[in-house]
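model this:
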Amino acid sequence: MSTAEPATAPEEEDFPRLREMRWWDIDPVLVLERTLFPDDAWSRGMFWSELAHGRGPGATRHYVVAEDAEGTLLGYAGLAASGDLADVQTIAVAEAAWGHGLGSRLLTDLLRAATAFECAEVMLEVRVDNLRAQRLYERYGFQPIGVRRGYYQPGNVDALVMRLTDPANPAPSTPESEPPGHG
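As a prediction, this is how the structure comes out:
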């Protein structure tokens, strides 16, 4: 595991199980990535680079996968930390798993990692057209602070920039809603 707090045990059930993302997860992660984000999917190299910074004493990344009892990938998430600031790099949940709280579990795991990295703030970018993910982040206390024009390429889609000022005490509330988009 990274120096950040490891993926935690499931809250009330054994599955989907969260565990550290490893290199052998990249191929199934890429399949889900390309399904959910066909226009702006991350490359294999991007995932390799992120995972390279997730282990050892100087780790600055925390990546997890969620899988069902048969080991099928249902989602993944990643966080980068630098100083007292963390950035949600990605959260993705397979469409078949939407509406079951998996996005919330992944986000909670990232916020625990941000706290373990001793980060005072967490930032993220989310597509302006991804209202489902925006609602999830708002439930956890993220506030919109700006827009990055043309952030998601090649579609030239704007990103809403959001910030959480106390990752140790997020404010999750009400029904679970899953983010299909990058964090």
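
F15: neighbour count?
Neighbour count for F15, taken as other CB atoms under 10 Å: 12. In short, each C-beta sits where N, CA and C put it, glycine included.

Thought P170 was touching T115, still the case?
No - the pair T115 / P170 is not scored as a contact, 9.6 Å apart, by CB atoms under 8 Å.

For the spatially closest residue to A96 that is not a sequence neighbour, list the residues it contacts.
Distances taken as CB to CB, 6 or more residues apart in numbering place L74 nearest to A96, at 7.6 Å, with adjacent residues excluded. L74 makes contacts with 16, 66-68, 93-94, 96-97, 102, as judged by CB atoms under 8 Å, 6 or more residues apart in numbering.

By neighbours, which of these wins?
Result: V93 is most packed of the contacts of L74 (other CB under 10 Å), 30 neighbours.

What's the local residue count around R163?
Neighbour tally, R163, other CB under 10 Å: 16.

which residues of this structure fall in helices?
26-36, 44-52, 102-116, 131-139 (DSSP state H).

Now distance to L164 and mean pLDDT too, for those, in CSV please.
Converted to CSV, those look like this (distance: least, CB to CB, whole Å; pLDDT from 0 to 100):
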stretch, distance to L164, mean pLDDT
helix 26-36, 23, 96
helix 44-52, 20, 95
helix 102-116, 7, 96
helix 131-139, 8, 94
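
Give me whichever of those helices is most buried.
The highest average neighbour count among the helices of the chain, using mean count of other CB atoms under 10 Å, belongs to helix 102-116 at a mean of 24.

how far away is A80 from H100?
Applying CB to CB, to the nearest Å, the value for A80 to H100 is 27 Å.
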